[in-house]
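A.B. asks: Requesting a structural model of the entry that follows:
(chains A and B)
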Amino acid sequence: MKTLYDKLWEEHHVTQLSTGESLLYIDRHYLHEVTSPQAFEGLSKKNLKPWRLEANIATPDHNVPTTRGNNFNSAQIKDEISKIQVVELDKNCNAFGIKQFDIKSTKQGIVHVIGPELGYTLPGMTIVCGDSHTSTHGALGCLAMGIGTSEVEHVLATQCLKVSKLKNMLVKFEGAPADNVSSKDIVLYFIGLIGTAGGTGYAIEFAGSYIESISIESRMTICNMAIEAGAKVGLIAPDETTINYVRDKSFLDEEIFKRAEDYWLNLKTDDEATFDNEIIIDVSKIKPQVTWGTSPEMVVNYDGEIPNHLDEPEESKKNIELARNYMGIKNESKLSDLVFDKVFIGSCTNSRIEDLRQAAEVVKGKTIAKNIIEAIVVPGSGMVKEQAEKEGLDEIFKEAGFIWRDPGCSMCLGMNPDQLKPYERCASTSNRNFEGRQGYLGRTHLMSPLMAAYTAIYGTVGEPS
Amino acid sequence: MKSNSEGLMIDGIVSYIDRDNIDTDQIIPTEYLKSIKKFGYEDYLFDGWRYKDDGKLGIKKEDRDINSDFILNNKPYSESKILLTRDNFGCGSSREHAVWALRDFGIKAVIASSFGDIFYNNCFKNGVLPIKLDKNQIEQIFVLVKEDAVEFSIDLQKRIIHLNDNNKVNFEVEDFLIDRIIYGLDDVDITLNEKDSIANFESKRRETKPWIYINE
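C.D. replies: Residues are numbered from 1 along each chain as shown, chains lettered A, B, ... in the order given. Presented below is the predicted three-dimensional model:
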């Protein structure tokens, strides 16, 4: 009796080395400009070529400016150091013959957004990328994980990853949530429950009636943040929803697709399989979640109390005190007491078309609050941007006072010019509220696109109607 | 196998950061990930805590506003080879630059109650030894290092941390991981010894799962 993770592991298991580690065959390898240059350099030094060229798909996302407009090329990036990195990706992809959706491409975007939407992510694949949010692709029933740069080089050279097997965790989300609760709230709630180290050493399978009821995009948001619960792998068994999504995007011919579909629909955990850890969560009781601190586990109900170190047990006191100080929380007891400066809607967690539709619905016909000095919407890819514009979402955002940008990772980590200034407080749909994550001394509150839209309108975390 | 004699023992001053969940963004902020080099990250380790100003890639340490309260800025801790911390060290981003920054600063071992999975793997590929101990042991060692600056001696082959002449702690780590540090092994070379198995696996997969190879 096997779990989905066990089955994917066995399906890709090439051999066990004498040391005890396994070689796992990698079907798809995504690359971006930040974690690949040293890997390509290593490959060149060893005089090696990529083992299977077509397994690799590249795009620049972290450094790209989001105010670039059409016909912009890498050489036009103003930040000289960012430019070197993006140009280096161009050079490496050209030299090695790797397919790249470059900065000029209408299909460029955040690597975890473009992979699935262009049909390069298929159920049952092993997928790696030098980026911890590779777990996103688990939403389509893939064994997907983030790797370091040495491993990027290893995968390029050998088409394999040298790994030990993870433990199995099952997280069942049951029931139907309230209307204003999205999969972002569900995953934030889950991280608050088990902590950012709770999933360390595990592959987490998400299941239950809630998961079955939601779209692939909503599932991606959950798998994306498995890493914030400490698990480098998050995955969901393929079902009809998955098949319909893939049929839409893939470039497989009908006969092959039918063959694949039969295989994909059988990729699931056996009824009798056991997990090392099982958690069941009733989602009907979950309220919208907003982080208050400097770790994704520091999360409360949007209308809940911010923890105060004076009331806490000794071992968590220090962490809470450090986080409150960094976040500039003094006498405020609730999130609604905090005044916001910026709003960021984007990132590999929440920059897909459904996210933008939800936010647009809230801001339609309204205007952002006076205290919000900047609110930006950064679509996850060129295709998301095009679709949103077709639906007129860009106009809705612009009329409300938002700035409509070009695709990239943007203010999730501020590697491009989209950054917070010191002490600015930001409502962000991204995945990490670490110190300095969105800019030096910036203050990040993670939330859903819907709550970020409300925060833009109210200027503070308010009641989602 | 020929061992790297320098790799058998790690002796040095122990610095400490008493907090949980130190993520890789704290170990090295995003700004410095713009480098395309594998070395030269020593001045950016814990940049947000080590300095009181916002740094840019290429800036020299002498031109920074140093935070003299931060442990690594003070002697003898500025010469540390061992770092003690709490739970979930290295969580977050997969950036190997975090390990490169520790390595370039001179840190050869990190002792914590747990580590982020990706960071933990990255360590062994760069000669940095992550040591997991249980929370009670970490608590006891914190008491020791906070009293006075101390040196530990870590025996990699015997898996022992000598805290002082009288006290030692055993630790566990898989052979295949620590051997990478002791023998300086290269993963790509080892894996390519299996290239026939990989090629066989791949050609079978091409037949049974053709959709994986459809863009080829």
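A.B. asks: In the stretch 151-300 of chain A, what residue lies closest to chain B?
C.D. replies: Closest approach between the stretch 151-300 of chain A and chain B, counting by Cβ to the nearest Cβ: A:Ala197, at 3.9 Å. In short, each C-beta sits where N, CA and C put it, glycine included.
A.B. asks: hang on, I meant the stretch 301-450 of chain A
C.D. replies: Closest point on the stretch 301-450 of chain A to chain B, by Cβ to the nearest Cβ, is A:Tyr440, at 3.9 Å.
A.B. asks: Which pLDDT value goes with that residue?
C.D. replies: For A:Tyr440, the pLDDT comes out at 97.
A.B. asks: How about it, nearest residue that isn't a chain neighbour?
C.D. replies: Leaving aside its chain neighbours, A:Tyr440 sits nearest to B:Asp54 (3.9 Å; criterion: Cβ to Cβ, 6 or more residues apart in numbering or on different chains).
A.B. asks: go on, A:Ser213?
C.D. replies: A:Ala176 (7.1 Å).
A.B. asks: so that neighbour makes contact with A:Val283?
C.D. replies: Yes: counting by Cβ atoms under 8 Å, A:Val283 is a contact partner of A:Ala176 at 7.1 Å.
A.B. asks: So which of the two has more stuff around it?
C.D. replies: Between A:Ala176 and A:Val283, counting by other Cβ atoms under 10 Å in any protein chain shown, A:Val283 is the more crowded of the two (23 against 11).
A.B. asks: Now do the phi/psi pair for A:Asp337.
C.D. replies: Main-chain dihedrals, A:Asp337, degrees, to the nearest 10: phi -80, psi -10.
A.B. asks: list the contacts for it?
C.D. replies: By Cβ atoms under 8 Å, 6 or more residues apart in numbering or on different chains, the residues touching A:Asp337 are A:Thr460.
A.B. asks: swap in A:Ala139?
C.D. replies: A:Pro116, A:Ile216, A:Arg219, A:Met220, A:Ile222, A:Cys223, A:Asn224, A:Gly234, A:Leu235, A:Ile236.
A.B. asks: So it belongs to a strand, correct?
C.D. replies: No: under DSSP: H, G, I helix; E, B strand; the rest coil, A:Ala139 sits outside any strand and is assigned helix.
A.B. asks: That one: what's its closest spatial neighbour, skipping adjacent residues?
C.D. replies: A:Arg219 (3.8 Å).
A.B. asks: sec struct for the one you found, please.
C.D. replies: Under the three-state scheme (three-state DSSP), A:Arg219 adopts helix.
A.B. asks: pLDDT score for it?
C.D. replies: pLDDT recorded at A:Arg219 is 98.
A.B. asks: Looks like it contacts A:Ile211 (just checking).
C.D. replies: Yes: taking contacts as Cβ under 8 Å, A:Arg219 lies within contact range of A:Ile211: 6.6 Å.
A.B. asks: which neighbours do these two share?
C.D. replies: A:Ile236.
A.B. asks: any idea where the helices of the stretch 151-300 of chain A begin and end?
C.D. replies: Shown for the stretch 151-300 of chain A, the helices assigned by DSSP state H, counting those that start in this stretch span residues A:183-194, A:209-213, A:216-224, A:240-249, A:254-265.
A.B. asks: Tabulate the ones you listed (JSON lines), appending distance to A:Ile77 and mean neighbour count.
C.D. replies: Written out in JSON lines, the entries for the helices of the stretch 151-300 of chain A read as follows (distance: least, Cβ to Cβ, whole Å; neighbours: other Cβ atoms under 10 Å in any protein chain shown):
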{"stretch": "helix A:183-194", "distance to A:Ile77": "31", "mean neighbour count": "24"}
{"stretch": "helix A:209-213", "distance to A:Ile77": "40", "mean neighbour count": "17"}
{"stretch": "helix A:216-224", "distance to A:Ile77": "27", "mean neighbour count": "25"}
{"stretch": "helix A:240-249", "distance to A:Ile77": "30", "mean neighbour count": "16"}
{"stretch": "helix A:254-265", "distance to A:Ile77": "39", "mean neighbour count": "15"}
